[in-house]
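Enquirer: Got a predicted structure plus its sequence, pasted below:
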Amino acid sequence: MKKLLLITMLWLSALNIQAKELTFGKAVNADSQVKISAILANPEAYLHQNVTVKGTIVGVCSHRGCWMELASDAKFEKLRIKVRDGDMVFPLYAKGREALATGKLQEIALSLKQTKQYQAQIAKRKGEAFDSTDVTESMSIYQLSPIGVKVLD
């Protein structure tokens, strides 16, 4: 009975810790939010300038906590929030919570070979057929390099 009580108390304590608001880096500019869908629709307009995005955390790096992905306001879109290893460590338990991130949008230009590999991975995750000969142009992917992140409770 004592063991069950101790386990219950530890579990409730862990829930309390996880429910608190978490902040990383500098303050987040919550007043100037841009929808993730707007950024992904026209990323060139937001490159290399500070923007603030908000979304549900749908993925977190399980190795070092160096990235997380925020769901867009549009279906099936997400934006990666990426830091250098150790600059900020996003906890796995943050997955499913809302977050705000302020930072600069960066472009990662892929070669044709990298584009084919990237699109093959996406098709595999979706369970779709993929023919690499259909890909004839390279692409870019975008991520936010944050100066501040706030995980809401």
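Expert: Cool, the structure landed.
Enquirer: what about P91, how many neighbours?
Expert: 15 (other C-beta atoms under 10 Å). The way it works is simple: take the backbone N, C-alpha and C, and place the C-beta from them, glycine included.
Enquirer: show me what contacts it?
Expert: For P91, the residues meeting the contact criterion (C-beta atoms under 8 Å, 6 or more residues apart in numbering) are L22, V60, G65.
Enquirer: okay if I get those as a markdown table plus secondary structure, distance to K104 and neighbour count?
Expert: Formatted as a markdown table, these follow (DSSP: H, G, I helix; E, B strand; the rest coil; distance: C-beta to C-beta, whole Å; neighbours: other C-beta atoms under 10 Å):
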| residue | secondary structure | distance to K104 | neighbour count |
| --- | --- | --- | --- |
| L22 | strand | 21 | 18 |
| V60 | strand | 21 | 19 |
| G65 | coil | 20 | 18 |
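Enquirer: Would you mind measuring from the closest residue to I36 other than its chain neighbours to K126?
Expert: Leaving out its chain neighbours, the residue that sits closest to I36 by C-beta to C-beta, 6 or more residues apart in numbering is S72, at 3.8 Å. Per C-beta to C-beta, to the nearest Å, S72 is found 16 Å from K126.
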